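Novice: Below: sequence and its predicted model.
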Amino acid sequence: MKIVVCENYEEMSKVGAGIIADLLKAKPDCILGLATGSTPVGMYKELTKMNKAGEITFKNVTSFNLDEYYPLAPTHDQSYRYFMNTNLFDNVDIDKANTNVPDGLAEDPAAMGEAYDAAIEAAGGIDLQVLGLGPNGHIAFNEPEEELYAGTHLTGLTESTIKANSRFFESIDDVPTQAVTMGIGSIMKAKKIIVLASGKGKHAVIEKIMSGRITTMCPGTLLLAHADVTLIVDKDAYEG
Ligand code: GLP
């Protein structure tokens with residue numbers, strides 16, 4: 001695992017955007033795996049700037065997002081579809097028909113999950129997956145558990161995640177208690193992974209990953225088993 005330690009959030013965002021920009025230039029029809037959360041917002045802003053300046057184009061890009069709350073409509077202002085539209089897709093030249101987010105209203109989430117993984121495979125697999133880390137070490141919505149799922153699936157959210165994410169909702173009671181998420185296998189199949197982490201709140205997870213030991217009780221540590229992961233952290237996340 002490669003670790004890039006940045007001075008601050010701004011630099012972390014620029015380094016992440018630079019890696020994506022390099023891929024877009026080398027492979028304009030690449031398949032991107034995208035993440036939500038507050039961490040990648042700055043990186044999406046950088047990418048938007050580069051796109052508007054004509055340095056990069058998303059015209060031929062296909063994207064697959066990691067997860068979505070369940071049940072939640074894509075039009076809900078806290079849905080991850082809405083987040084992606086407002087933070088990236090509406091601001092760049094991507095064809096929205098080529099952007100995919102797990103269906104938060106799927107009647108049969110298991111079938112939807114299978115179809116989602118099959119669509120990723122049919123597209124040729126994810127070239128670059130962007131990840132954030134939950135304060136409890138979750139990746140996407142794969143929460144710390146004794147057993148984790150390989151494929152895209154419906155999952156319950158832990159109390160700590162509901163609490164952490166309640167800052168975006170009017171009240172904690174409005175936070176969905178379930179989500180549909182890409183599984184560990186779906187994520188690990190990506191050819192390359194970049195993980196962004198900023199702030200002291202992520203230090204404990206970074207420390208666990210850097211310990212070199214793998215446990216499903218901190219899903220972020222599973223990334224140690226992937227051949228091409230770059231961890232991009234700011235000083236606060238790195239030093240605590
Ligand atoms: C959410 C998402 C994750 C994200 C994490 C961190 O729960 N499901 O994909 O990485 O939270 O969020 P933040 O970047 O806001 O700390």
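Specialist: Thanks, I have the structure now.

Novice: give the contact list for residue 118.
Specialist: Contact analysis of residue 118 by Cβ atoms under 8 Å, 6 or more residues apart in numbering lists nothing. Where you see a C-beta, it was placed from the backbone N, CA and C, and this is true even at glycine.

Novice: Next, find the distance separating it from residue 45.
Specialist: 33 Å (Cβ to Cβ, to the nearest Å).

Novice: cool, residue 4 as well?
Specialist: In this view, residue 4 and residue 45 are 19 Å apart by Cβ to Cβ.

Novice: With residue 36 instead?
Specialist: 14 Å.

Novice: Who has more neighbours out of these two?
Specialist: residue 36 (26 against 16; other Cβ atoms under 10 Å).

Novice: would the more buried one count as being in a helix?
Specialist: No: counting by DSSP: H, G, I helix; E, B strand; the rest coil, residue 36 is not found in a helix; it is coil.

Novice: can I assume it is in contact with residue 67?
Specialist: Yes: the criterion here is Cβ atoms under 8 Å, and residue 36 meets it with residue 67 at 7.4 Å.

Novice: can you list residues touching both of those two?
Specialist: residue 80.

Novice: Okay, buried residues for stretch 5-14 please.
Specialist: For stretch 5-14, the neighbour count (16 or more other Cβ atoms under 10 Å) marks 5, 6, 9, 11, 12, 13 as buried.

Novice: er, stretch 143-150 actually
Specialist: 143, 144, 148, 149.

Novice: How far off centre is it?
Specialist: Stretch 143-150 has its C-alpha centroid displaced from the chain centroid by 17 Å (Cα atoms, centre = their mean, to the nearest Å).

Novice: And the strands in this structure?
Specialist: 2-6, 31-34, 62-65, 67-70, 99-100, 128-131, 153-156, 178-181, 192-197, 229-234 (DSSP state E).
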